[in-house]
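S.K.: Make a model of this:
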Amino acid sequence: MYALNKLTTILLLVCLPGGLLALERVADIHLHYKWSQQDVTSAAEVLEILDAQNIVMGVVIGTPAELALQLAQLAPDRIVPLFSPYRSGGDWHNWAYDASVVTRAREALATGAYYGIGELHLVGGFAPRLDKAGVLPALLELAAEYAVPVMLHTEFSRPDMLLELCARFPDTRILWAHAGAILAPAQVVRVMAACDNVLADLAARDPWRFVNNPIADASGRLLPEWRALFIEYQDRLLLGSDPVWPVDQLDRWDEPDTGWQELGRFWDYHRGWLQQLPVAVARKIGCENAVALFRRGQQVQCDPVAED
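M.R.: Prediction:
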């Protein structure tokens, strides 16, 4: 399957009209570095993988949070750490009921070492009711205070919770992980049209993870409803790999996670459909929007603009 996808990508490059170009330098908005990955992939090996994929900037969620700082110490101009409240396997579904999370987040942001909060999971069966949840509103207000984004992972059949959050917290930039994960393009458009403070990442929307509502068909060709969405909201879309593998061990953090060894094929897939967009749009989604969001323009250079 992987070899077939790579062949499809090559054929699309050759056959698609319009002089579309492959994007070389990219920014990965959704990286994890967890203790279950540390033993499999060292910090030095992480940087080698980023080099191999020409990833010029990476936004890293550490579990625990300090692991992202370890990477940033090795490559401060390339690595952008987010503060994650997760410290153990159960935290991804009980963080919203732990008041100490807000205190820890404030202390972390006050150091200046973290550039956002997340990834915070709001998944059916575990998501708090917004009228009773003090932790989530407090984190959204804290992010606005420090002018940093919050990465939210919502996974519901409708985007109602995110629509309510973006309306209640208009001064908070919400980085919407996986663009709602399982939502169809029409539902994603609902959010993007209503919420100017939402930016969506497309990580893990690939043939191996969130397989519903695929971005491309089986041949690798970008589907028209996604293409229209990408063109319309090109300034608020970003790309990432979400290197977590295997998929079925979400809550098995005591077992090795080899996600960094899979990162190449995740990006091969994304580059395949990305290069079917107009070059200016591909540059924004693949690199420029992420660099602008974290104000890294002085440290990070995306692909240079081609001269006529």
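S.K.: only C-alpha atoms for contact and neighbour calcs from this point on.
M.R.: Will do.
S.K.: got the buried residues for the helix ranked longest in the chain?
M.R.: With secondary structure taken from DSSP state H, the chain has its longest helix at helix 259-274. By 16 or more other Cα atoms under 10 Å, the buried positions in helix 259-274 come out as 259-261, 263-274.
S.K.: From the centroid of this protein, which residue is nearest?
M.R.: The centre of the chain sits closest to residue 30, judged by Cα atoms, centre = their mean, with a distance of 3.2 Å.
S.K.: circling back: show me what the longest helix of the chain is packed up against.
M.R.: helix 2-15 (3 or more Cα pairs under 8 Å, 6 or more residues apart in numbering; DSSP states H and E).
S.K.: helices and strands around the one helix or strand residue 136 maps to, which ones?
M.R.: Secondary structure from DSSP states H and E places residue 136 in helix 135-146. Contacts defined by 3+ Cα pairs under 8 Å, 6+ apart place helix 135-146 against helix 100-110.
S.K.: Check what contacts whichever helix or strand comes after the helix it packs on and list those residues.
M.R.: The first helix or strand that comes after helix 100-110 along the chain, using DSSP H and E, is strand 117-123. For strand 117-123, contacts defined as Cα atoms under 8 Å, 6 or more residues apart in numbering pick out 61, 82-85, 92-93, 105, 127-128, 139, 143, 148-156, 177.
S.K.: Need the three-state assignment for the closest residue to residue 80 other than its chain neighbours.
M.R.: The spatial neighbour of residue 80 that comes closest, neighbours along the chain excluded (Cα to Cα, 6 or more residues apart in numbering), is residue 59 at 4.6 Å. Classification of residue 59 using DSSP: H, G, I helix; E, B strand; the rest coil returns strand.
S.K.: now swap in residue 200 and tell me
M.R.: strand.
S.K.: Now for it, how many residues are close by?
M.R.: 24 (other Cα atoms under 10 Å).
S.K.: which ones are touching the nearest residue to it once chain neighbours are set aside?
M.R.: Distances taken as Cα to Cα, 6+ apart put residue 176 closest to residue 200, at 4.5 Å, once the chain neighbours are dropped. By Cα under 8 Å, 6+ apart, the contact set of residue 176 is 151, 152, 153, 154, 198, 199, 200, 201.
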